[in-house]
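Colleague: Fold the following and give me the result.
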Amino acid sequence: MPPPHELRAWTLQRDGLTYTLSTDPSLLDLAAINAAYASDMLYWAKPLPPATLKLCVEQSLCFGLYAHGTHDQSQAATNGSDGHGSKGEMIGFARLITDYTTFGYLTDVYVLAAHQGRGLGKWMMRCLDEVLNLWPHLRRCVLFTSGAGAVRMYRETLGAKDVAETSFLRGLVLMEKAGPAGAVVTRKKGEEDGGRE
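Modeller: Have a look, this model is predicted:
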């Protein structure tokens with residue numbers, strides 16, 4: 001479970017819909033996540049048993065993306081909600097495996113096809129970048145991706161840099177966003193790092 005200070009929410013109006021991005025784990029729709037895992041969209045994943053998936057998301061900082069139509073907006077207004085607490089339909093996700101201090105591994109990023117082309121993936125990554133920039137001891141956040149469009153998005157939104165193309169799966173790129181504590185130190189030739197990062 002994320003620490004209470006990591007519970008955040010953002011809203012965006014786009015094409016007549018209101019989108020909410022939230023790190024509140026109580027809003028996550030595990031069935032929707034498993035459906036995405038079962039799809040070709042997340043070629044690296046497969047559905048997990050419900051208890052395993054629950055543990056998986058509980059041990060990560062998850063960003064759930066929700067779409068709210070006009071009915072959901074009026075319902076939220078009637079209930080006095082600011083819209084952050086109303087669930088809406090879960091249409092996207094990103095999972096950061098992290099210690100909330102020095103390191104993060106970004107995985108399972110998706111936006112359902114019906115909502116693609118609206119800049120939602122970029123918006124999700126900008127919100128994630130906002131969170132990462134608040135961690136003064138962050139050394140790095142890493143991710144694997146493929147395709148020129150995805151690489152470009154992570155460069156533009158996170159400031160991530162290509163580290164290497166993997167040898168175990170052709171075309172898969174390892175990218176890294178350096179944090180404030182992750183400055184690269186140049187060592188003299190022959191100097192050992194003593195096991196430090």
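
Colleague: Run through the residues that contact residue 36.
Modeller: 42, 45, 93, 108, 110, 112 (Cβ atoms under 8 Å, 6 or more residues apart in numbering). C-beta here means a position set from N, CA and C on the backbone, and glycine is covered the same way.

Colleague: pLDDT at the closest residue to the second one other than its chain neighbours, what is it?
Modeller: Take residue 45 and drop its neighbours on the chain: the residue closest to it by Cβ to Cβ, 6 or more residues apart in numbering is residue 37, 4.2 Å away. In this model, residue 37 is scored at 95, pLDDT.

Colleague: list the buried ones in the one helix or strand residue 37 maps to?
Modeller: Mapping residue 37 onto the secondary structure by DSSP states H and E places it in helix 30-38. Burial within helix 30-38, assessed by neighbour count using 16 or more other Cβ atoms under 10 Å, is assigned to 32, 33, 34, 36, 37.

Colleague: Work out the gap between it and the centre of the chain.
Modeller: Its chain's C-alpha centre lies 15 Å from the corresponding centre of helix 30-38 when counted by Cα atoms, centre = their mean, to the nearest Å.

Colleague: Stretch 139-149 now?
Modeller: Average the C-alpha atoms of stretch 139-149, do the same for its chain, and the two points are 11 Å apart (Cα atoms, centre = their mean).

Colleague: lowest average confidence, helix or strand, in the protein?
Modeller: Lowest by mean pLDDT, DSSP states H and E among the helices and strands of the chain is helix 70-78, with a mean of 39.

Colleague: what's the burial count for the nearest residue to residue 92 once chain neighbours are set aside?
Modeller: Residue nearest to residue 92 in three dimensions, not counting chain neighbours: residue 65, with 3.1 Å by Cβ to Cβ, 6+ apart. With neighbours defined by other Cβ atoms under 10 Å, the count for residue 65 comes to 27.

Colleague: quick one: residue 65 and residue 95 touch, right?
Modeller: No. Using Cβ atoms under 8 Å, residue 65 makes no contact with residue 95, being 12.0 Å away.
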